[in-house]
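Colleague: Return atomic coordinates for the entry below.
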Amino acid sequence: MTSQSQGIQQLLQAEKRAKDKLEEAKKRKGKRLRQAKEEATAEIDHYRLQREKEFRNKETNVRNSKPDCFQEYYMETPANHHFIHLWHLAFFSSISCNSQTVLFLPGDLPPPVLVLFFPSVCIV
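Modeller: Okay, the predicted model is just below:
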């Protein structure tokens, strides 16, 4: 009977060791998963900060450049430049007034007309 009792004791001890090994493996697995999650979160945060920094730099560049689409259009299209120049000449040749009025005329015009007729005078 003692051998049977010893066999049962050995079996219980073996089951306990197996249970302990399983718990230890589960703990290691949980620890690895937590560590992987922390690393992924840190990597995501780093990437997010990097993209936000790039966005802020691009936003600053855009704000500082202040492109004038009318000016770019005026300068990039020679055919339109010629047409606008002819329109400009026709406009001023039809005005019957003295030169002082013509000099003060750009201040009286709305901005889109200023850009079309006086691109060097107008700063939008």
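Colleague: Now do the longest helix belonging to the chain, average pLDDT.
Modeller: Across the chain, the helix with the greatest residue count (assigned by DSSP state H) is helix 2-65. The pLDDT scores in helix 2-65 average 92.
Colleague: Show me what it packs onto, helices and strands only.
Modeller: Helices and strands touching helix 2-65, as assessed by 3 or more CB pairs under 8 Å, 6 or more residues apart in numbering; DSSP states H and E, are absent. In this view, the C-beta of every residue, glycine as well, is placed from N, C-alpha and C.
Colleague: what number of residues lie near residue 49?
Modeller: Per other CB atoms under 10 Å, the neighbour tally for residue 49 reads 10.
Colleague: Could you report the distance from it to residue 20?
Modeller: Distance, residue 49 to residue 20, using CB to CB, to the nearest Å: 43 Å.
Colleague: Over to residue 7?
Modeller: 20 Å.
Colleague: With residue 40 instead?
Modeller: The spacing between residue 40 and residue 20, counted by CB to CB, is 30 Å.
Colleague: Repeat that for residue 31.
Modeller: 16 Å.
Colleague: Can you give me the domain assignment for the protein?
Modeller: 1-65, 69-117 (automatic domain parsing).
Colleague: For the last one, give the mean pLDDT please.
Modeller: Confidence for domain 69-117, expressed as mean pLDDT, is 56.
Colleague: neighbours of residue 2, just the number please.
Modeller: 6.
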